[in-house]
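> The following comprises the amino acid sequence and a computationally predicted model.
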Amino acid sequence: MTEPVALAPVASAKGLTKRFDGLDRPALDDVAITIAPGEMTGLVGPDGAGKTTLIRILAGLIDPDAGEATVGGRPATVQDRNALGYMPQRFGLYEDLTVRENLDLYADLRALPHDERADRFATLLDFTDLDRFQARLAGKLSGGMKQKLGLACALTREPRLLLLDEPGVGVDPVSRRELWAMVSQLAGEGIGILWSTAYLDEAEKCDTVFLLNEGKILASGEPDELTGQMDGRVVRYPVASDRRRVLREALDEDSVIDGMVQGDSIRLLLKDGADAPPASAIDASGEPRQARPRYEDAFVDLLGGGPGGTSALAARYPEVPASDKPAIEAHGLTRRFGDFTAAHDIRFSVGRGQVFGLLGPNGAGKSTTFKMLCGLLTPSEGTGTVNGFDLRTARADARQSLGYMAQKFSLYADLSVRQNLAFFAGAYGLDNSAAREAVESAIETFHLGPYLASDSGLLPLGYKQRLALACAVLHRPPVLFLDEPTSGVDPIVRREFWSHINGLVERGVSVLVTTHFMDEAEYCDEIALIYRGEQIATGSPDHLKEVAGTGDAPMEDAFIALIEQSDARREEMEAA
Amino acid sequence: MSFRWPEFLRKSLIGPRLRAIFAKEMLAVLRDPRARLILVTPPLIQFFLFSFASTMEVTNIRVGVLDLDGGQWSREIVERIEGSPNMREVRALRSDAALKTAIDRQEVIAVLRFGPEFSADVAAGRPASVGAVYDGRRSNAAQIVSSYMQRIVGDVSAQTPRGSAIAVRLEGRGSGTAVRHWFNPNLDYIWFVMPALIAIIAAVSSIAVVSQSVARERELGTLDQLLVSPLRTHEILIGKMFPPIVVGLFNVTMFVILTPLVFGVPLTGSVPLFYLSLFFYLLALTGIGMLISVVSATQQQAFLGMFALTVPMIILSGYASPVDNMPGWLQAITWLNPPTWFLVVSEGTFLKAMPASDILSNTWPLAVQAAVSLWAASALFRSRME
Amino acid sequence: MIDPASHPRLARFAAMMSKETRQILRDPSTFLIAFLLPVMLLFLMGYGVNLDATSTRVGMAVEDDSGEASSLAGAYASSRYFDVVETGPLQRLRKSLVSDDIRAIIVIPQDFGRDVAAGGGEVRVITDGSLPNTASFVAGQAEGVRATWAAQRASDRGMAADPPIDLLSRFWFNPELASRNFLVPGSIAIVMTMIGSLLTALVVAREWERGTLEALMATPIGMGEFLLTKVIPYFALGIVSMALCTLLAIFVFGVPFRGSVFALFLIASVYLVPALGQGLLISSALKNQFVASQVALLTAFLPTMLLSGFVFEIASMPKPIQALTYIVPARYLIPQIQTVFIAGDDWGLFLPDMAILLAFGAVLFGLCLRFTRRRIA
């Protein structure tokens, strides 16, 4: 054997099997994985696939029922923990300690010598841009900052193995991009990194990817290998207008297994061996061009394709009557907390049958705006209306006409699926037969049948989100408020969600949505970009791309460019 | 398990929103079998534990005797002590040093000390004396044991030659007091404890349920989901008052049945009046619990708030010691304490056949407390939404 | 600060301790449980619970108009044990007794004067038996007042009234029999139980709930070390709170302190061992703040209140309950703490109890280590 020692894997496991009480299938079933030094190893899969269990076994925090995990040549449970960096999904920060105190704690725990500390902290704080916030309590940081601090704590002493459990959930594109840059730099220094994620654009950039589904490894290897198999199956059609409807029709074609709106065109994934449907069949304005496949395409293909284009929900939804009043209006909404302005002079209006997106980094003021518009927060200044009802004077009427889906799962976890549905039907004033009908229809539409008696807190994330949407539309509201409805869920469920949203919009429902998935932003008719409490740009996706000067590049680039421009303007003003 | 309303209620009394929130709140409390156990088991354990443990009688007493006399009269007294049903052990001590150790180590609570001349003095008709030493660390028990001793010594004293002579000579001394204890002829301590416990346990269990209600939803994020629905503030709060009242009624009913059956405490008063008063009592408790819940940001805060409040509520209720014995300023504070009022109703209903006028005069303060605390809770709830 | 390069274990230890201390200082609930609640409890026990003789509200029905009757009525009215708030016919007083307006009725019956002259003369006392303690107290005092009155009359007529056998009672340590003197030191036991068991149960469960323990477990810190860094700060907190209570007891409530400070410190320290062990065990076994707090309440707070001999005499309880008290650590603390306050140091009493408490502590900590493994599931 002449293989150099340096290339031996930092961690490896084979035959891993783990069952948890009360679950009928194993969380992990005969899983093998290797993590090479100096590489980014991606771990992707839908929620409930077993990603967290696998990471915890590698961290030595769970004993597998069968198989073995080795880290640095030793069994994972007795590995050298000074050489392990682990960032759990919830970051593991002490919220009542400051940034600096958290760092000090983990440095001491990992035995980082004092004389190395100044350099190391300087690097980490610079690297994470937390230098200014050293004295701030971790609990007072924004989501993105917490995540960076979590990473810094995992890195206090340069590890040989770094395990990151879904570090990107609920984090905005800017922060995610920065985090990626930081971590890939570490890979360059020879650390072995395992990055678990639901964002497939991140997986695409990994050196090796393991795709986990229902406890089994479905595919592993370089992402390009898998993506390459999709060559020739991805096409783009230019569409002049009404892209959502065109997409729906395309998705209903037998030959199409997935698709999405992208700029001024729609992008379709074709069934293996199928021909692209002619433009006329789907009402596209031009013939298809081949497009470069992405890892996500391979993922969707491996998992059996996305849902069709027609939404069963929309099919039963009553048409929202036409009205000359806008469905949602914000007139100079401002909210101050003490001397901090969380949102300043936000104004926009959403017409009937439109999707309006609120985008922005974590902590920028999106949620504040959102809460003011659904009556959870009273504005310091300005007014808002929903379906023509003023939130100050006709709050109850306004509420009756909106459906709300919170960022975090916020149904009753200890009630069953059916009990949740029944409660919300009643809460929206549906009586006996109307309530029964609404509940039955929701069960059918969202395929909740098998779970009716389960505690909703124990549902897989995808079903939780379905149930949350089902509860929000029981009373058939003309206006929907969706706060990061797809955060953390896999692409298949995301597609299903958007097929419902698109279908509802065609029935005249107006939707206000926030999201961190920039491909989803493409579905919006209009977008307001909120940054540091200010509405820095408003318009259609195409318009924003134009303003940002990023042309046909993905929305994410426009988002980042606009934020950078705003920073530059502010710095200029501060300098002047 | 699914919760269903009786048909007439479904049809008429309440609209779908209120009905939905009632059903949801009841399910939240009762759906989980473990939760159901937590609601009923600790109160039952407390009920029995308190009933057996909280005794103010002193039995199984250990006393010492240092008998330097050994004569007829000292033996007479010792035998009577040994014969008393409350005594467990009468330990013979040999010296003053042994006496000191026995008391210091709490081996005995009291020691009787007979001097060498004791029987001789008694027989000769000279005034004689017995020394008694008690452990003042346990002042309450010591006091009671001292009264037992006094009775025994007094009885023996009357039978001495000199005692009989005095009884004849001292005409007009009066022949004592005839005591009758109304409502509880044998002064059974448990007759007092059980009705008091009903008031206390109803308070503890219903405040524990309601104090979690809003705080829990706030912490878990479900409160936002409620607030964006058309449910009005009063509907949400009325819904949340429902489970503690039902749980309180259930627990109290269980105890009202058990108390006469298991402990033989008479139930002499009007049960409907008792329940009327109980309803306002539970409302007042719910209002106070709701205040805690609305103010708390997390379940932990609500728990600590609940704890910090129920301890003084119990101590000031009159259960631990009579309200009469407290200093005036503290008695004034007890007027704000719902258990203080309901304790009177509960004791009155069980033991005293208390008439309606007295029940009502102890109930209207509860109604006022309920109105004020519920009003304050809903005002705070509204203002915390801003 | 300790450099981890040379002493990694010590450095970890110091870091965890300073983290825990900071959290204690920043958490308002610590302040509530360790300082506010103890002070409140002491005040309530000091002022609110009074088992001592005080004056009782009574009604008096004088049915005789003789001189003897009014003389005895005067004796009752001037007694410091009675507060005659109502006089009148028995019929009306009965109603007041039902309404809780009075606690007893003293009846000086018709022909009392004549009966006295004939060598009799009985006073009738009707008490409110629904408050048994007050009732038996009233009955005793009513007889006392009557006997004193009779003896006074006898001696006025030149007749000696010394009893043949005189019982000379002395109450050691607490001659004035102030219940405060044992209730206030006893509350210190409750306070230490709250800090040791309740607060500690909450803090470890919090680390499980918030996911911080998961991150800690991935570092080299040993689980034994982790537990120890929880124990030491809360031990210190318990001692500080105990000291605060002691100062209040002595200087505000005037409870005597006859033992040594060293003995008190040692007694408290030894008691905190099983108390902290129990708190840690509850939270490491349950991992959920709410459940942990409920269990701590039921298994630590309540037994300390009821089964420690603090308020209720253990010897008077039924046998099975008495047996239960043997596993309540506070049972072994109460005699020590009452002794060190009002009797003085008595090592013969302290040491056996301390040995038992340390044995409890050893068992509880052993169980803790079993439960707190470096594993998530």
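Okay, I see it.

> only C-alpha atoms for contact and neighbour calcs from this point on.
Fine.

> With just CA atoms, put stretch A:534-552 into PDB.
What follows is stretch A:534-552 as a C-alpha-only set of coordinates in PDB (Å, rounded to 0.1, in the frame of the first residue of the first chain):
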ATOM      1  CA  GLU A 534     -35.900  50.000   5.500                       C
ATOM      2  CA  GLN A 535     -37.700  49.000   2.300                       C
ATOM      3  CA  ILE A 536     -34.700  49.200   0.000                       C
ATOM      4  CA  ALA A 537     -36.300  48.000  -3.200                       C
ATOM      5  CA  THR A 538     -39.700  47.000  -4.500                       C
ATOM      6  CA  GLY A 539     -40.900  45.600  -7.800                       C
ATOM      7  CA  SER A 540     -41.200  42.400  -9.900                       C
ATOM      8  CA  PRO A 541     -38.400  39.900  -9.800                       C
ATOM      9  CA  ASP A 542     -37.300  41.100 -13.300                       C
ATOM     10  CA  HIS A 543     -37.400  44.700 -12.200                       C
ATOM     11  CA  LEU A 544     -35.200  43.900  -9.100                       C
ATOM     12  CA  LYS A 545     -32.700  42.000 -11.200                       C
ATOM     13  CA  GLU A 546     -32.600  45.000 -13.500                       C
ATOM     14  CA  VAL A 547     -32.000  47.500 -10.700                       C
ATOM     15  CA  ALA A 548     -29.400  45.200  -9.200                       C
ATOM     16  CA  GLY A 549     -27.800  44.900 -12.600                       C
ATOM     17  CA  THR A 550     -27.400  41.200 -12.400                       C
ATOM     18  CA  GLY A 551     -29.300  40.400 -15.600                       C
ATOM     19  CA  ASP A 552     -30.600  36.900 -15.900                       C
END
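
> Which residues outside that stretch are in contact with it?
Stretch A:534-552 is contacted from outside by A:263-264, A:343-346, A:364-365, A:521-522, A:524-530, A:555, A:557-559, A:561-562, A:566, using CA atoms under 8 Å, 6 or more residues apart in numbering or on different chains.

> do the same with stretch A:386-405
A:325-329, A:373-375, A:383-385, A:428, A:468-469, A:472-473, A:475-483, A:485, B:225, B:228-232.

> Between its first and last residues, what's the separation in that stretch?
16 Å (CA to CA, to the nearest Å).

> In that stretch, which of the residues would be classed as buried?
A:386-391, A:395-405 (16 or more other CA atoms under 10 Å in any protein chain shown).

> Check the offset of that stretch from the chain's centre.
Offset of stretch A:386-405 from its chain centre (CA atoms, centre = their mean, to the nearest Å): 28 Å.

> May I have the secondary structure class of residue C:101?
coil (DSSP: H, G, I helix; E, B strand; the rest coil).

> again, but for residue C:171
Quick answer, by three-state DSSP: residue C:171 is strand.

> Check residue A:17 too.
strand.

> partners of it in the sheet?
Beta-bridge pairing for residue A:17 (DSSP bridges): residue A:66.

> you'd agree it is up against residue A:67?
Yes - applying CA atoms under 8 Å, one finds residue A:17 in contact with residue A:67, separated by 6.4 Å.

> Pull up the overlap in contacts between those two.
Counting by CA under 8 Å, 6+ apart, the residues touching both residue A:17 and residue A:67 are residue A:30.

> Can you pick out the residue with more neighbours from the two?
Taking other CA atoms under 10 Å in any protein chain shown, residue A:17 and residue A:67 do not tie; residue A:17 has more neighbours (22 against 16).

> Which helix or which strand is home to residue 236?
If you meant another chain, say so; for now it's chain A. strand A:234-238 (DSSP states H and E).

> my bad, chain C
Using DSSP H and E, residue C:236 falls in helix C:223-251.

> ok, then the element right after that helix?
In N-to-C order, the element after helix C:223-251 by DSSP H and E is helix C:261-286.

> then the helix or strand just after that following helix to PDB, C-alphas only?
In the C-terminal direction, the helix or strand that comes right after helix C:261-286 (DSSP H and E) is helix C:289-296. The C-alpha trace of helix C:289-296 is given here as PDB (Å, rounded to 0.1, in the frame of the first residue of the first chain):
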ATOM      1  CA  GLN C 289     -38.100  21.700  33.000                       C
ATOM      2  CA  PHE C 290     -41.800  21.500  33.600                       C
ATOM      3  CA  VAL C 291     -41.900  17.900  34.600                       C
ATOM      4  CA  ALA C 292     -38.700  18.300  36.700                       C
ATOM      5  CA  SER C 293     -40.200  21.200  38.600                       C
ATOM      6  CA  GLN C 294     -43.400  19.200  39.300                       C
ATOM      7  CA  VAL C 295     -41.500  16.200  40.500                       C
ATOM      8  CA  ALA C 296     -39.200  18.300  42.600                       C
END
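
> Run the chain-centre distance for helix C:289-296.
23 Å.

> quick one: that helix to helix C:261-286, angle?
130 degrees (axes from the mean of the first three to the mean of the last three CA atoms, to 10 degrees).

> gap between stretch A:207-215 and the chain center?
With CA atoms, centre = their mean, you get 18 Å for stretch A:207-215.

> Quick check: the gap between the residue nearest the centre of chain B and residue B:195.
For chain B, the residue nearest the mean C-alpha position is residue B:319 (3.8 Å; CA atoms, centre = their mean). The gap separating residue B:319 from residue B:195 is 10 Å, by CA to CA.

> what sits up against the helix or strand residue A:567 falls within?
Using DSSP H and E, residue A:567 sits in helix A:555-575. For helix A:555-575, the surrounding residues in contact (CA under 8 Å, 6+ apart) are A:173-174, A:518-519, A:521-522, A:529, A:531, A:536-537, A:541, A:544-545, A:547-550.
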